[in-house]
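Visitor: Everything below, folded, please.
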Amino acid sequence: MQYDMPLKIVGYDELYGWTMDQVVETIGKKGNCTYCGVFRRQALDRGAKMLGIKHVVTGHNADDVAETVLMNLLRGDLPRLSRSTSIVTGSNASEVKRSKPLKYAYEKEIVLYAHHKKLDYFSTECIYSPEAFRGSARSLIKNLEKVRPSAILDIVRSGEDMARLVPGAVPDSCGCKSNASSTQTPLEEDGAGGCGSTNGRAAGGEMAAMEKQLRENEAAEDKSLETEVTLPKAEGQRHDRKKQPNVRSKPGTNALPIIPKQKLGTCEKCGYMSSQKLCQACMLLEGLNKNRAEITI
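Guide: Numbers count the residues shown, from 1 in each chain. Predicted structure coming up:
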């Protein structure tokens, strides 16, 4: 054994009853990274608990982080930047922490080191990723690197700077805090993201506009006037398909309604931590199993 360490393999077929090839055969090659991302993260947590591990170290490198940053920017999802750019991630509710010690190392440098030391390493790219959204981000970054060699680390550092500007983001830990990752709508290879996202529009400029609106509300309250509060809309984005109802404030009351916090519990099916009845993995599996039943019939 080259590394003198035991190897524990946890497969999707063992945990979920599906292999990734079967998933792609069922849903196609466009949204497969969504399923793989959710399944992989939960598999890491389950495998760690099997071995009694409290901290998982992953091999994410600078190329991976830059791709994730770019994907979040293209989706307009700034709240997810905090987790994607942090070296140590996790939540207070999870017993397993994760870290990315190779965050600032280029992928090619890692390969060269492994080749120089004659170490065995996994060099095969996922056969489905080129057709996914991450494949497009990877191609764009590689083209940028040809023009500007420092483009990858520049994107990573820019993502770190922008993550600090997002209201409620925690640069040194998971932005979700006590909320589990299963409270979020799974996105393609996020990977699974930060909390408090207003459909990707919770940016610093909107918060400044909201503070200005609140000051105007307070001034109106002094004059016993009723004001109308609306969230500022980001130009060029259409994340909301339906019009949001206006919130009217009365004199002497707060302008914004109090949103109840989600309580962390466990999935009714698998017992994985979740603030909903079913975790993300079980919700995705329900759709897959339904399709499998229809195909069998």
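
Visitor: where are the low-confidence patches of the chain?
Guide: For the chain, applying pLDDT under 70 flags the ranges 1, 91-93, 168-264, 293-297.

Visitor: any chance you could map the strands in it?
Guide: With DSSP state E as the criterion, the chain has strands at 55-57, 88-89, 97-99, 227-229, 247-249, 265-266, 273-274.

Visitor: what pairs with the second one, and is each one parallel or antiparallel?
Guide: According to DSSP bridges, strand 88-89 has the following sheet partners: strand 97-99 (antiparallel).

Visitor: Likewise for the last one?
Guide: Sheet pairing here is set by DSSP bridges, and for strand 273-274 it gives strand 265-266 (antiparallel).

Visitor: what does the strand it pairs with contact?
Guide: Strand 265-266 is contacted by residues 272-275 when judged by C-beta atoms under 8 Å, 6 or more residues apart in numbering. Where you see a C-beta, it was placed from the backbone N, CA and C, and this is true even at glycine.

Visitor: okay if I get these as JSON lines plus distance to D77 and neighbour count?
Guide: Below are the contacts of strand 265-266 laid out as JSON lines (distance: C-beta to C-beta, whole Å; neighbours: other C-beta atoms under 10 Å):
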{"residue": "Y272", "distance to D77": "23", "neighbour count": "18"}
{"residue": "M273", "distance to D77": "22", "neighbour count": "20"}
{"residue": "S274", "distance to D77": "21", "neighbour count": "25"}
{"residue": "S275", "distance to D77": "19", "neighbour count": "20"}
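
Visitor: any idea which of the residues you listed is closest to R80?
Guide: S275 (17.4 Å; C-beta to C-beta).

Visitor: Counting neighbours, what do you get for the residue lying closest to D120 once chain neighbours are set aside?
Guide: Distances taken as C-beta to C-beta, 6 or more residues apart in numbering place Q2 nearest to D120, at 5.8 Å, with adjacent residues excluded. Look at Q2: counted by other C-beta atoms under 10 Å, it has 7 neighbours.
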